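S.K.: no sequence on this one, just coordinates:
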């Protein structure tokens with residue numbers, strides 16, 4: 001007698017891998033203790049098992065497909081439009097993730113307000129708040145019109161029916177972890193429910209050309225909770241960065257099928273909601289200390305936009321046998337590597353010191369061009385030498401202590417000169433290729449020995 005489908009299955013909460021038995025390590029993503037047991041209650045209506053089409057589809061030649069540019073819809077917030085690649089693409093599925101209380105719902109409600117005031121029909125669906133709570137939050141943002149519809153519902157079948165009936169142009173789901181489908185027997189927020197809910201919303205978005213924004217909870221590691229396949233199903237993934245207790249927020253695109261994945265948008269949280277920061281470099285450099293060792297300004301590229309930020313370093317003699325290394329806003333592995341380069345190549349006793357590196361302003365920078373700023377700040381703190389306040393720095397540091405060239409040197413230098421920096425330290429190869437730079441003095445360095453000479 002043939003065995004039927006098992007009543008329970010095991011899923012990986014990180015990547016969505018499916019197995020008939022429990023395992024300590026997921027064979028797909030190699031994560032430990034992420035396999036969870038859930039009921040296998042998926043029916044043929046979900047479109048994944050047992051589905052049959054009326055006819056066999058025919059492929060289309062690539063030359064017969066229209067190549068017309070998609071007309072994007074502006075959100076009314078230029079910083080968000082930049083992250084999305086120029087605006088909202090009709091029929092796209094956008095996932096917004098971030099820590100609790102960082103401003104995900106506030107940002108999307110502001111987008112709904114701007115779209116409704118621009119004569120677009122918008123549907124805001126909440127599974128976590130009541131209608132009165134949403135209305136109280138909206139009263140801080142300004143006036144609304146009747147183009148914005150509100151719905152408090154968690155049943156996906158009912159939500160899909162409302163969407164088909166009213167045909168809005170934009171739908172916001174807050175949040176995906178609260179939604180459930182009758183076709184899946186597991187609890188809301190489980191791997192099966194989240195994957196099924198996203199699949200149903202994807203089908204309705206593509207079939208009716210409706211833009212759907214999905215709010216997703218995040219894990220303690222900062223990634224979207226639920227299966228990893230969730231990020232592969234959507235068109236765009238946006239992450240909120242920054243401290244929820246600070247006033248500034250950064251929206252970063254980690255996946256975007258319609259634009260760059262390196263763009264960021266900077267916002268400031270105020271009483272009336274999130275306000276755009278048009279010049280992020282100015283606020284990143286606000287409050288810089290005067291004549292303080294271990295502080296310098298670096299210029300990094302975020303997508304197509306150069307951005308200046310302050311790098312702070314504190315290098316002090318350790319009180320224990322093993323020195324402590326800690327970083328905020330940059331990769332701790334990269335900091336350890338640069339400290340080893342200073343120890344080996346420059347013969348500085350970094351192995352006997354604690355080192356703390358911080359990117360001020362809440363920005364996270366992982367670009368190699370920040371290496372020279374981290375090294376310069378560390379040397380400044382170690383030697384107790386003050387870096388001139390009018391000096392901006394960028395460049396990559398190699399394992400031999402050489403300073404290597406980086407891209408977009410002219411754009412970085414122009415941004416620094418525009419903000420009043422009269423001296424710019426950069427790799428020698430970048431200085432050779434730089435043209436028409438009269439607003440600032442170029443300090444070309446080829447190794448860390450040149451950097452120490454500049455500081456001294």
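M.R.: It's in. Note that the structure is predicted; figures quoted are calculated from it, not measured. Numbers count the residues shown, from 1 in each chain.
S.K.: where does this protein have low pLDDT?
M.R.: Applying pLDDT under 70 to the chain picks out residues 1-7, 40-54, 67, 219-228, 244-245.
S.K.: Kindly list the longest helix within it.
M.R.: helix 191-208 (DSSP state H).
S.K.: Which residue is the nearest non-sequential neighbour of residue 209?
M.R.: residue 91 (4.2 Å; Cβ to Cβ, 6 or more residues apart in numbering). (C-beta placed from N, C-alpha, C; glycine too.)
S.K.: Is it correct that that neighbour is in contact with residue 205?
M.R.: Yes: using Cβ atoms under 8 Å, residue 91 is in contact with residue 205, at 5.7 Å.
S.K.: okay, and the common contacts of those two?
M.R.: residue 211 (Cβ atoms under 8 Å, 6 or more residues apart in numbering).
S.K.: more crowded one of these two?
M.R.: Ranked by neighbour count (other Cβ atoms under 10 Å), residue 91 and residue 205 place residue 205 first, with 22 against 16.
S.K.: got the contact list for that one?
M.R.: Applying Cβ under 8 Å, 6+ apart, the residues near residue 205 are 91-93, 171, 211-212.
S.K.: before we move on, what about residue 65?
M.R.: Taking Cβ under 8 Å, 6+ apart as the test, residue 65 contacts no residue whatsoever.
S.K.: quick one, phi psi at the residue nearest to residue 209?
M.R.: Dihedral pair for residue 91: phi 80, psi 10, per degrees, to the nearest 10.
S.K.: so how far is residue 170 from it?
M.R.: 11 Å (Cβ to Cβ, to the nearest Å).
S.K.: Looking at this structure, which strand is longest?
M.R.: The single longest strand within the chain, with elements called by DSSP state E, is strand 305-317.
S.K.: Quick one: list the elements packing against it.
M.R.: helix 280-284, strand 295-302, strand 353-359, helix 371-383, helix 409-418 (3 or more Cβ pairs under 8 Å, 6 or more residues apart in numbering; DSSP states H and E).
S.K.: Distance from the chain centre to the last one, please.
M.R.: Averaging C-alpha coordinates over helix 409-418 and over its chain gives two centres that are 25 Å apart (Cα atoms, centre = their mean, to the nearest Å).
S.K.: That one: what's the following helix or strand?
M.R.: Using DSSP states H and E, the helix or strand that follows helix 409-418 in sequence is strand 423-427.
S.K.: which residue ranges form the strands in the stretch 201-350 of the chain?
M.R.: Here the stretch 201-350 of the chain has its strands, by DSSP state E, counting those that start in this stretch, at 211-216, 236-241, 248-256, 264-270, 273-276, 295-302, 305-317, 325-328.
S.K.: could those strands be laid out in TSV, adding mean neighbour count?
M.R.: Shown next, in TSV, are the strands of the stretch 201-350 of the chain (neighbours: other Cβ atoms under 10 Å):
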stretch	mean neighbour count
strand 211-216	26
strand 236-241	22
strand 248-256	21
strand 264-270	20
strand 273-276	18
strand 295-302	25
strand 305-317	21
strand 325-328	15
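S.K.: Residue 456: which of those is closest?
M.R.: Of all these, strand 295-302 sits nearest to residue 456, with 14.5 Å by Cβ to Cβ.
S.K.: hmm, back to that, got TSV for the helices and strands packed on strand 305-317, with distance to residue 58 too?
M.R.: Shown next, in TSV, are those (distance: least, Cβ to Cβ, whole Å):
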stretch	distance to residue 58
helix 280-284	50
strand 295-302	44
strand 353-359	54
helix 371-383	53
helix 409-418	48
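S.K.: State the distance from residue 165 to residue 322.
M.R.: In terms of Cβ to Cβ, residue 165 sits 65 Å off from residue 322.
S.K.: and what of residue 106?
M.R.: 43 Å.
S.K.: Compare those two (neighbour count), which wins?
M.R.: Counted by other Cβ under 10 Å, residue 106 and residue 322 do not tie: residue 106 has more neighbours, with 20 against 8.
S.K.: Is that one in a helix, a strand, or coil?
M.R.: helix (DSSP: H, G, I helix; E, B strand; the rest coil).
S.K.: Can you spell out the domain ranges of this structure, please?
M.R.: 8-40, 72-278, 283-455 (automatic domain parsing).
S.K.: Make sure residue 402 is actually in contact with residue 450.
M.R.: No: taking contacts as Cβ under 8 Å, residue 402 lies outside contact range of residue 450: 10.1 Å.
S.K.: count of residues packed around residue 209?
M.R.: For residue 209, using other Cβ under 10 Å, the count is 12.
S.K.: and if you look at residue 145?
M.R.: Residue 145: 9 neighbours (other Cβ under 10 Å).
S.K.: Surely it is in a strand?
M.R.: No: counting by three-state DSSP, residue 145 is not part of a strand but coil.
S.K.: Spit out the contact partners of it.
M.R.: By Cβ under 8 Å, 6+ apart, the neighbours of residue 145 are 116-117.
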